[in-house]
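Asker: build me a model:
(one chain, ligands or ions: 2)
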Amino acid sequence: MLEEEKEAGIDLMHEGFLEYLDDINIVEMLRTDPARVSSELDLLLRECLVYALNDKEIFSTYPDDVLPGIFCFCCGMLREFASLSEKAISEDEETWIGYMHPSTQVLNILTSIRIHGYLRQLGSHDDPSVTPILAHWPELYLAMKTLHKSSKSRDSQLESFHPRLIAGQIGDILVAFLSNDNIRPYFTDDTDLRKFAWRLWLENGISTTEDKEILCGSIARAVMLLSTKEGDPKSRTSCAMMFTVCMSVCDEFGGKNAVAEIALMSAYRTMMSNDEMLVRQLLPQQIGVLASLADCDVIPENRIARRIYEMDGIPKLIEATLNILSRAQDADFRSVLDFIGEATVTLIETLATENYIQLEVAIRSGLFRIFVAVQTSVNGPLEFTRKTCFRLIETISLFFPYYSVIQALAEQFRELTEEDEARMLGEGGDGTIEFAWKGLKRSVISSYILTRMFESCAQPFPKICNNCTKLEAGHNFFQCPGCARIPYCSAECQATDLKAGRHSELCQKIIDGKSQADKNIPFLYFAVNKCVQFTCKDLGQSTLPAKDPILIWNATRTREQVSVSIRPKDIADSELHDRRLRNYESYRVIDGQQIKAAKMNGIITTYIHIQAMYREGRENCVVRYLRFDLDYGRVETAFGPPMHELHVLRAIKKDISIKYPEADLEKSWILRNRDGERIHLFDEVDAYFRDKFGKYS
Ligand SMILES: [Zn+2]
Ligand SMILES: [Zn+2]
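Answerer: Residues are numbered from 1 along each chain as shown. Ligands and ions are numbered 1, 2, ... in the order given. Coordinates of the predicted model:
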């Protein structure tokens with residue numbers, strides 16, 4: 001249809017209209033008084049001018065100084081056709097096309113490279129005034145809104161291809177306007193425009209490969225530009241404002257869930273499409289919108305991100321990132337690839353390190369494959385992606401107090417091949433992936449040994465409340481009715497843990513065997529007590545403060561930076577208060593009920609408590625009060641008093657050097673026996689505990 005119409009337009013011109021336009025000196029008219037074009041030329045002639053300007057060759061004969069006139073003419077024409085189209089919604093196809101086709105032609109001119117260039121230079125040194133453009137903006141904006149509305153109602157009555165085409169072109173115009181730093185500030189408070197942009201985005205939703213020629217990515221870009229404050233591309237405040245606007249319009253499209261689905265699935269499909277043009281033109285904007293929505297914590301509980309998690313957003317993004325990284329690309333594509341790699345890994349980092357539950361999901365979904373893939377292109381310029389990976393690996397090291405995270409990491413380390421391991425080790429120094437990776441390996445192996453020690457404990461663990469960490473005395477505890485694996489001391493503790501402790505997110509994962517988070521709190525009790533005992537061995541009873549001593553176990557930094565200290569309780573409390581005042585991380589304090597109980601009974605405190613501080617998420621910490629087991633029994637392993645995990649590691653390494661003389665643990669954790677059988681370092685750790693103490697199997 002489009003082609004036929006275009007032919008018809010050119011035919012008209014061939015019949016002498018073009019010469020006529022020349023005769024009346026249209027160029028001069030556009031230059032000096034564009035308003036006269038509208039008042040003096042009839043509609044057919046003006047349509048003819050539109051067709052002429054759509055012809056690149058003819059348009060190129062119009063000099064630059066008539067561009068403002070052409071812009072003005074186009075705004076007027078668009079308004080005229082928009083109001084005609086409003087009346088033609090229910091008309092026959094021919095009439096409808098008769099109005100819609102010239103409209104798209106006008107939009108074509110407005111989105112042409114020359115008009116874009118003109119809009120871009122406004123406000124610059126060469127052309128300091130933006131007034132002419134702003135003078136036409138209300139007319140243009142109204143026309144775009146009307147066209148958008150009528151093409152949509154026509155579509156709902158009688159299907160037509162127009163809505164997406166028009167929306168894509170409107171997106172292009174918005175981008176042309178908003179990309180200009182001198183013009184954008186005029187739209188800072190324009191809520192209506194923001195609503196319009198979100199509506200376009202929500203309507204056009206998930207792009208499929210079929211409509212790639214329409215490239216609705218410009219809408220995502222317009223949305224991003226409207227979220228940007230001048231000179232502050234990552235402004236949280238303007239992001240928050242955009243989020244609020246989005247929330248105010250999303251209900252008619254299916255609410256927050258629809259927002260999350262469109263944001264995630266549009267990016268995912270583009271990444272999986274293997275279409276280089278789509279990846280280049282659409283993906284950066286799609287990732288941008290998804291990232292700003294995922295990072296928006298305006299609404300408590302971050303509900304957009306929640307829906308992304310529910311939709312397996314992390315596994316999808318990991319899969320899609322691997323797909324993008326795996327493709328052999330020409331040199332020109334590599335810088336785009338690096339930009340996309342950086343953006344997607346940053347997004348995965350934001351989602352995965354939000355809390356320890358999502359981190360476990362990410363690790364189990366093949367997060368390591370991304371690191372290996374990035375390392376594989378070691379000679380390529382994936383510099384920014386590598387930096388982001390470094391940061392992510394460092395962040396993983398903050399989550400070692402969690403049994404579930406350690407297990408997930410250990411499982412993934414077992415899956416690595418010798419080639420993978422070799423790729424992850426290079427000559428990297430401080431600040432490189434290789435450096436962070438070595439640190440992660442050190443933490444993983446000693447943490448893994450600690451979990452095996454935990455499982456070889458001399459006495460079975462009493463039940464520990466999953467919220468307040470109180471030990472069961474008597475038989476008042478009950479299990480979570482969902483998973484039947486998590487004990488609670490009271491209904492209050494269960495309610496707190498369900499919401500604030502995120503057990504609601506974990507319950508099904510524990511049932512499905514996708515997480516061993518049910519062991520997190522008992523393991524914490526063990527690991528903290530063992531660490532504190534080990535440190536306090538040298539301190540002796542005399543160094544304890546006389547009144548209300550409390551031990552502080554601070555694991556809010558990486559595993560290698562865990563610290564233990566002793567304070568009078570009031571000082572510890574005020575220090576904690578100071579920490580909580582700092583706004584860059586939040587602290588969830590679970591009140592030490594056991595401390596209160598001991599005091600209430602008027603008994604001189606028999607138990608010293610440990611204030612255990614560690615991370616629940618990248619930006620939030622938890623403070624729990626654990627009982628310090630003075631009798632040592634609880635944390636003693638079957639083989640005697642607590643040993644440092646590094647001593648155990650040394651013993652295991654010694655065994656390995658005898659059993660596998662060829663092995664080089666610095667290079668690979670895969671060992672081979674005389675028959676060439678593949679054995680992992682973790683198998684040897686398991687064997688050590690099994691053989692020597694018979695407890696762990
Ligand atoms: Zn409790
Ligand atoms: Zn449960």
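
Asker: low-confidence bits of the stretch 201-350 of the chain, can you list those?
Answerer: By pLDDT under 70, the low-scoring segments of the stretch 201-350 of the chain are 205-217, 228-240, 296-302, 328-331.

Asker: hmm, try it at 90
Answerer: 201-263, 265-267, 269-307, 324-340 (pLDDT under 90).

Asker: which helix in this protein runs the most residues?
Answerer: helix 131-157 (DSSP state H).

Asker: following it, which helix or strand comes up?
Answerer: Sequence order places helix 162-178 as the next helix or strand after helix 131-157, per DSSP states H and E.

Asker: follow-up on the earlier one: mind listing what's buried along the longest helix of the chain?
Answerer: Residues 133, 136-137, 140-141, 143-152, 154-155 are the ones in helix 131-157 that count as buried (16 or more other CB atoms under 10 Å). To be clear about C-beta, it is placed using only N, CA and C from the backbone, and glycine gets the same treatment.

Asker: out of those, which touch ligand 1?
Answerer: Contacts with ligand 1 within the buried residues of helix 131-157, counted by CB under 5 Å from the ion: none were found.

Asker: tell me which parts of the chain are close to ligand 2?
Answerer: Checking the chain against ligand 2 by CB under 5 Å from the ion, the hits are Cys480, Gly482, Cys483, Cys507.

Asker: the first one is in contact with Leu506, isn't it?
Answerer: No. Judged on CB atoms under 8 Å, Cys480 makes no contact with Leu506 at a distance of 9.5 Å.

Asker: looking at those two now, which is surrounded by more residues?
Answerer: Shown here are Cys480 and Leu506; by other CB atoms under 10 Å, Leu506 has more neighbours (27 against 19).

Asker: domains in this structure, by residue range?
Answerer: 1-187, 462-515, 530-638, 645-694 (the TED database).

Asker: ok, which stretches of the stretch 301-450 of the chain are strands?
Answerer: Here the stretch 301-450 of the chain has no strands by DSSP state E, counting those that start in this stretch.

Asker: Ile552: neighbouring residues, count only.
Answerer: 20.

Asker: and the helix or strand hosting it, how far from the chain's centre?
Answerer: Taking DSSP H and E as the definition, one finds Ile552 inside strand 549-555. The chain centroid and the centroid of strand 549-555 are separated by 34 Å under CA atoms, centre = their mean, to the nearest Å.

Asker: what of stretch 142-161?
Answerer: 34 Å.

Asker: contacts for that stretch next, please.
Answerer: Residues outside stretch 142-161 that contact it (CB atoms under 8 Å, 6 or more residues apart in numbering) are 75, 78-79, 81-83, 85-86, 88-90, 93, 96, 100, 103, 162-163, 166-167, 170, 173, 196, 200, 203.

Asker: only the buried subset of those residues, as a ChimeraX command please.
Answerer: ChimeraX command restricting the contacts of stretch 142-161 to the buried ones, with burial defined by 16+ other CB under 10 Å:
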select :75,78,79,81,82,85,88,89,96,100,103,162,163,166,167,170,173,196,200,203
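
Asker: so which of the contacts of stretch 142-161 sit within helices?
Answerer: Reading helices off the contacts of stretch 142-161 with DSSP H, I get 75, 78-79, 81-83, 85-86, 93, 96, 100, 103, 162-163, 166-167, 170, 173, 196, 200, 203.

Asker: tell me how far the closest residue to ligand 2 within the stretch 501-650 of the chain lies from Pro522.
Answerer: Of all residues in the stretch 501-650 of the chain, Cys507 sits closest to ligand 2, at 3.4 Å by CB to the ion. Counting by CB to CB, to the nearest Å, the separation of Cys507 from Pro522 is 17 Å.

Asker: same check, this time on Pro138
Answerer: 66 Å.

Asker: contact partners for the residue nearest the centre of the chain?
Answerer: Nearest to the geometric centre of the chain sits Leu347, at 2.8 Å (CA atoms, centre = their mean). By CB under 8 Å, 6+ apart, Leu347 lies in contact with Ile287, Leu290, Ala291, Ala294, Leu317.

Asker: repeat that for Thr270.
Answerer: If you count contacts by CB under 8 Å, 6+ apart, then Thr270 has Ser207, Leu278, Val279, Leu282, Leu283, Gln286 around it.

Asker: which of the residues you listed sit farthest apart?
Answerer: The distance between the two most remote of the contacts of Thr270 (CB to CB) is 12.1 Å, for Ser207 and Val279.

Asker: who's more crowded, those two?
Answerer: Ranked by neighbour count (other CB under 10 Å), Ser207 and Val279 place Ser207 first, with 26 against 21.

Asker: now rank the residues of the chain next to ligand 2 by neighbours and give me the top one.
Answerer: For those, counting by other CB under 10 Å, the largest number of neighbours falls to Cys507: 21 neighbours.

Asker: could you find the closest non-adjacent residue to it?
Answerer: Gly482 (4.2 Å; CB to CB, 6 or more residues apart in numbering).

Asker: what distance do you get for that neighbour to Ile511?
Answerer: 7 Å.

Asker: ok, now Asn204?
Answerer: Distance, Asn204 to Ile511, by CB to CB: 39 Å.

Asker: those two: which is more packed in?
Answerer: Asn204 (21 against 14).

Asker: run the angle between the longest helix of the chain and helix 162-178 for me.
Answerer: Counting by axes from the mean of the first three to the mean of the last three CA atoms, to 10 degrees, helix 131-157 points 160 degrees away from the direction of helix 162-178.

Asker: so what's the gap between helix 131-157 and the chain middle?
Answerer: With CA atoms, centre = their mean, you get 33 Å for helix 131-157.

Asker: how about Gly123, phi and psi?
Answerer: Dihedral pair for Gly123: phi 90, psi 0, per degrees, to the nearest 10.

Asker: for ligand 2, what's its nearest residue on the stretch 301-450 of the chain.
Answerer: Ile357 (12.7 Å).

Asker: will you turn the domains of the chain into a markdown table that also has mean pLDDT?
Answerer: Supplementary listing: these in a markdown table, determined by pLDDT from 0 to 100:
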| stretch | mean pLDDT |
| --- | --- |
| domain 1-187 | 83 |
| domain 462-515 | 91 |
| domain 530-638 | 76 |
| domain 645-694 | 89 |
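
Asker: closest one to Gly426 among these?
Answerer: Using CB to CB, the domains of the chain put domain 645-694 closest to Gly426, at 11.7 Å.

Asker: what is the burial count for the closest residue to Tyr488 other than its chain neighbours?
Answerer: Using CB to CB, 6+ apart and skipping the chain neighbours, the partner closest in space to Tyr488 is Gln494 (4.2 Å). Residues near Gln494, counting by other CB under 10 Å, number 21.

Asker: name the residues of the helix or strand containing Gln494 that are buried.
Answerer: Assessed by DSSP H and E, Gln494 sits inside helix 491-499. Residues of helix 491-499 classed as buried by neighbour count (16+ other CB under 10 Å): Cys493, Gln494, Thr496, Asp497, Leu498.

Asker: which of the residues you listed lies closest to ligand 1?
Answerer: Among the buried residues of helix 491-499, and counting by CB to the ion, the member closest to ligand 1 is Cys493, at 3.1 Å.

Asker: Asp24: what's it in contact with?
Answerer: That one is not Asp; residue 24 is Ile. Leu41.

Asker: how far away is it from ligand 1?
Answerer: Going from Ile24 to ligand 1 by CB to the ion, to the nearest Å gives 88 Å.

Asker: go ahead and confirm the residue of the stretch 501-650 of the chain closest to ligand 2 touches Gln479.
Answerer: No. Between Cys507 and Gln479 there is no contact under CB under 8 Å: 11.3 Å.
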